[in-house]
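Enquirer: Need coordinates for the following:
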Amino acid sequence: MSLTTAVEAIMREAAERAILPHYQSLTSDQIVAKAADDAVTVADHESEQILSDLLAQLLPEAAIVGEEAAHADPTVLDRLGDALCWIIDPLDGTNNFANGKPPFGILIALAERGETIGGWIYDPLHQRFCAAERGQGAWINGDRISARPSGEAPPIAAISLVFADPARRAALKTHIAPHYTLVDIPRCAAEQYPRIVLGENDITIFERTLAWDHAAGVLFVNEAGGKVARPDGSPYRVDEHLRPSLIGAASPALWDELAGRMVGM
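Expert: Model (predicted):
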């Protein structure tokens, strides 16, 4: 069994056992605010436990960094630079899920000394499974996929301002927004990254770049022929996930155009 096949089975199991049974049936005591505009549910915790247990069986030598484990104990983040490390977002888009609406999904990445070597994204409602392994291309439900721009003029942009400070937010609105057709962000990286590959969005900007939100999606877009990198062109590393700002684009040319507009911001 290939690594991707094994990871897919694990993600589907977590969705069937821990996520879908709670969808649109959460009670108020099963939703807790971790911070302002950041919720966690019983489904997050149950999914992370299942994923952690099964991934540990798959690669016992790999460290595990789960979003909820790291929230409870920030020292868990020290493992991101280990020789091998699983990175788990057990339920991405929790706020959407808690409100009984899509999109939401599961994100899993495998990193080697801080560099992502495998990334998997699963949408439980539509059973869309996105997969990428370093140097092996990108796949959706077993079919190889290449990133494609929308073809719209101006290009379509989904820009996350949620975690930008006021000055940064103003700069993005002034210098970037006028050159693109803006669309709402899905508040779910498990949906945003596939949109870049599937020709729905041309570019995206993230200010917060936590490993469990971005490791899988960055690799997926890059392996599909798009480009995701820091604004200075440096690659995304999971052990540098506290660095702000990340640009994603459906093609290197779109990335270059946006990065050029961001110089000096």
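
Enquirer: What helices and strands are in contact with the helix or strand bottoming out on mean pLDDT in the chain?
Expert: One helix or strand of the chain scores below all others by mean pLDDT, DSSP states H and E: strand 31-35, with a mean of 80. The contact analysis (3 or more CB pairs under 8 Å, 6 or more residues apart in numbering; DSSP states H and E) places strand 31-35 against strand 38-41. C-beta: built from backbone N, CA, C; applies to glycine.

Enquirer: same question for the strand it packs on, mean pLDDT?
Expert: For strand 38-41, the mean per-residue pLDDT is 88.

Enquirer: Same question for stretch 193-201.
Expert: Stretch 193-201 comes out at a mean pLDDT of 98.

Enquirer: What is the distance between that stretch and the centre of its chain?
Expert: 13 Å (CA atoms, centre = their mean, to the nearest Å).

Enquirer: what does stretch 172-181 give?
Expert: 23 Å.

Enquirer: May I see the buried residues of that stretch?
Expert: L172, I176, Y180 (16 or more other CB atoms under 10 Å).

Enquirer: residues in contact with the residue nearest to G81 when sequence neighbours are not counted?
Expert: Spatial nearest neighbour of G81, chain neighbours left out: D239 (4.0 Å); criterion: CB to CB, 6 or more residues apart in numbering. Contacts for D239 (CB atoms under 8 Å, 6 or more residues apart in numbering) come out as L80, G81, A111, G114, A211.

Enquirer: Kindly report the same for V162.
Expert: V162 touches D37, I185, R187, E207, R208, counting by CB under 8 Å, 6+ apart.

Enquirer: Put together JSON lines for the buried residues of stretch 172-181, with secondary structure and distance to P103 on each row.
Expert: Shown next, in JSON lines, are the buried residues of stretch 172-181 (DSSP: H, G, I helix; E, B strand; the rest coil; distance: CB to CB, whole Å):
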{"residue": "L172", "secondary structure": "helix", "distance to P103": "23"}
{"residue": "I176", "secondary structure": "helix", "distance to P103": "24"}
{"residue": "Y180", "secondary structure": "coil", "distance to P103": "21"}
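
Enquirer: So which of those residues sits lowest on pLDDT?
Expert: Among the buried residues of stretch 172-181, L172 has the weakest pLDDT, 85.

Enquirer: Would you agree that residue is in contact with A157?
Expert: No: counting by CB atoms under 8 Å, L172 stays clear of A157, with 9.9 Å between them.

Enquirer: Residues in contact with both of the two, list them for me.
Expert: Common neighbours of L172 and A157 (CB under 8 Å, 6+ apart) are I205.

Enquirer: The least confident helix or strand of the chain pairs with which strands?
Expert: strand 38-41 (antiparallel) (DSSP bridges).

Enquirer: residue ranges for the helices of the protein, please.
Expert: Secondary structure of the chain by DSSP state H: the helices cover 3-14, 42-58, 67-72, 94-98, 166-171, 189-197, 211-223, 252-262.

Enquirer: Let me see the domain layout of this structure.
Expert: 3-145, 156-262 (automatic domain parsing).

Enquirer: Quick one: residues contacting the residue nearest to E152 when sequence neighbours are not counted.
Expert: Leaving aside its chain neighbours, E152 sits nearest to T181 (6.4 Å; criterion: CB to CB, 6+ apart). For T181, the contacting residues are E152, P154, P155, I156, A157, by CB under 8 Å, 6+ apart.

Enquirer: The third one and E207, how far apart?
Expert: Taking CB to CB, to the nearest Å as the criterion, P155 is separated from E207 by 20 Å.

Enquirer: higher neighbour count, the two?
Expert: P155 (20 against 17; other CB atoms under 10 Å).

Enquirer: my guess is the more buried one contacts L182, does it?
Expert: No: in this structure P155 lies outside contact range of L182 using CB under 8 Å: 10.5 Å.

Enquirer: ok, now how distant is the closest residue in space to L258 that isn't next to it in sequence from S234?
Expert: Once flanking residues are discounted, L258 sits nearest to I203: 5.1 Å by CB to CB, 6+ apart. The gap separating I203 from S234 is 18 Å, by CB to CB.
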